[in-house]
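S.K.: What follows is a protein structure lacking sequence information:
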Ligand SMILES: [Zn+2]
């Protein structure tokens, strides 16, 4: 009888074990989904498709894209929603970059990914290209996507990467890397001088 009692007691234990495994499996699934959705928030402007993790990032981004030179256009107006404010700034900056370069590629739309730290930007670069770099931001021509780190973000940095995107889309045959860089740097200088 003891033995039998022991045996019957062992069954629920085993069930508990299975249940634990099952719960672990479910929570791993949920965590997995959570991780893949960490960039679920999106904002669509005319020229940019922006993805970010949370509203505080968007707020930070909006503040950093508000230099003296462009600010008068917004008049310090805070009546419009954060989304509209950011969308307007994004398009304004892209148009300014295009004007500086005098390059207006047709149907231009660039993806922009907001990340929190330069470490995350460098990790994204490593995942794409397999090499370690010290970049604070970069443009991937293959994905036509800009990666930005909020902790080191300046308007000129964003404009520089956007210049790479515009140049990439403008030329049917890509110019040499050095020319690409010189042109993008020219945009950086123009943006810095206009502020
Ligand atoms: Zn560059």
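M.R.: Done, it's in. Since this is a predicted model, take the numbers as computed values, not measurements.
S.K.: Report the secondary structure state of the residue nearest to the spatial centre of the chain.
M.R.: Closest residue to the average C-alpha location of the chain: residue 113 at 1.1 Å, with Cα atoms, centre = their mean. Using DSSP: H, G, I helix; E, B strand; the rest coil, the structure places residue 113 in strand.
S.K.: what's the helix or strand for residue 138?
M.R.: According to DSSP states H and E, residue 138 maps onto strand 137-140.
S.K.: In terms of pLDDT, where does residue 40 sit?
M.R.: Reading off the confidence values, residue 40 has pLDDT 85.
S.K.: do the same with residue 175
M.R.: 89.
S.K.: Against residue 45, how distant is the closest residue to it other than its chain neighbours?
M.R.: The shortest distance from residue 175 to any non-neighbouring residue, by Cβ to Cβ, 6 or more residues apart in numbering, is to residue 167 (7.1 Å). All C-beta atoms are positioned from the backbone trio N, CA, C, and that covers glycine. When Cβ to Cβ, to the nearest Å is the yardstick, residue 167 and residue 45 sit 20 Å from each other.
S.K.: now do residue 102
M.R.: For residue 102, the distance to residue 45 - Cβ to Cβ - is 22 Å.
S.K.: what does residue 100 give?
M.R.: Going from residue 100 to residue 45 by Cβ to Cβ gives 19 Å.
S.K.: domain assignment for this protein?
M.R.: 1-37, 41-194 (automatic domain parsing).
S.K.: So which of those domains is the most surrounded?
M.R.: domain 41-194 (a mean of 16; mean count of other Cβ atoms under 10 Å).
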